[in-house]
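# fold the following.
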Amino acid sequence: MNQEKSVFPICGLALSSFLALGCIIDVRDGARPRPQPSSMGSLTVEWTVNRRSEPRACARFSGGRTDFELIIYRGGEEVAREYARCEDFVMTVDLPPDEYKAYATLVERRDERPVTTTLPIEELEIVGGAALNIDVDFPANSFL
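From the prediction side, this is the model:
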């Protein structure tokens with residue numbers, strides 16, 4: 001009988017230690033699991049201004065101090081809003097695999113007022129571990 005009294009606490013301690021090493025699972029209704037970094041894909045957008053990727057083109061058509069704004073949607077929900085200097089001419093955004101749409105606009109740096117019309121980028125399919133490259137151009141007649 002004394003032997004049983006000493007075995008149960010040891011077994012309980014071993015079991016609780018084993019369970020502490022396990023995973024925590026979120027079972028909330030509607031919760032989406034967060035993708036692991038290796039399962040992310042990326043969207044790279046390169047833009048030109050009147051078919052040029054020279055800093056002078058940004059200044060010439062927009063008066064300078066302009067940013068590239070990219071708004072990304074999954075379904076009807078905005079999932080990212082990113083900015084880069086117009087003169088960078090490239091932006092990369094990491095996204096979980098899914099289907100997206102995006103809108104690209106050149107905007108004033110200090111107040112985000114549009115400088116160009118907005119260019120829709122439809123039917124973007126992001127695949128885990130892969131990069132999707134998109135090119136857009138803001139022609140002279142797109143400036144407001």
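# contacts, neighbours, all on C-alpha from now
OK.
# helices of the protein, start to end?
Assigned by DSSP state H, the helices in the chain fall at 2-20, 55-62.
# would you single out the least confident of the ones you listed?
Lowest mean pLDDT within the helices of the chain: helix 2-20, a mean of 49.
# report the contact partners of residue 133.
43, 44, 45, 46 (Cα atoms under 8 Å, 6 or more residues apart in numbering).
# pLDDT weak spots in the chain?
Within the chain, the stretches with pLDDT under 70 are 1-38.
# name the helices or strands packed onto the strand ranked longest in the chain?
Longest strand of the chain, by residue count under DSSP state E: strand 98-108. Here strand 98-108 touches strand 66-74, strand 119-126, going by 3 or more Cα pairs under 8 Å, 6 or more residues apart in numbering; DSSP states H and E.
# do you know which of these lies nearest residue 139?
Nearest of those to residue 139, taken as Cα to Cα: strand 119-126 at 10.8 Å.
# residues contacting stretch 90-102, please?
With contact meaning Cα under 8 Å, 6+ apart, stretch 90-102 is reached by 35, 39-47, 70-75, 82, 84, 120-128.
# one more pass at 7 Å, please.
35, 39-47, 70-75, 84, 120-128 (Cα atoms under 7 Å, 6 or more residues apart in numbering).
# picking up where we left off before, just name the most buried of the helices and strands packed on strand 98-108.
The highest mean neighbour count among the helices and strands packed on strand 98-108, using mean count of other Cα atoms under 10 Å, belongs to strand 66-74: a mean of 21.
# that one packs against which elements?
If you count contacts as 3 or more Cα pairs under 7 Å, 6 or more residues apart in numbering; DSSP states H and E, strand 66-74 packs onto strand 77-85, strand 98-108.
# can you tell me which of the contacts of residue 133 end up in strands?
Counted as lying in strands by DSSP E, out of the contacts of residue 133, are 43, 44, 45, 46.
# for the last one, which non-adjacent residue is closest in space?
If you skip the residues right next to it in sequence, residue 46 has residue 90 as its closest partner in space, 4.3 Å away by Cα to Cα, 6 or more residues apart in numbering.
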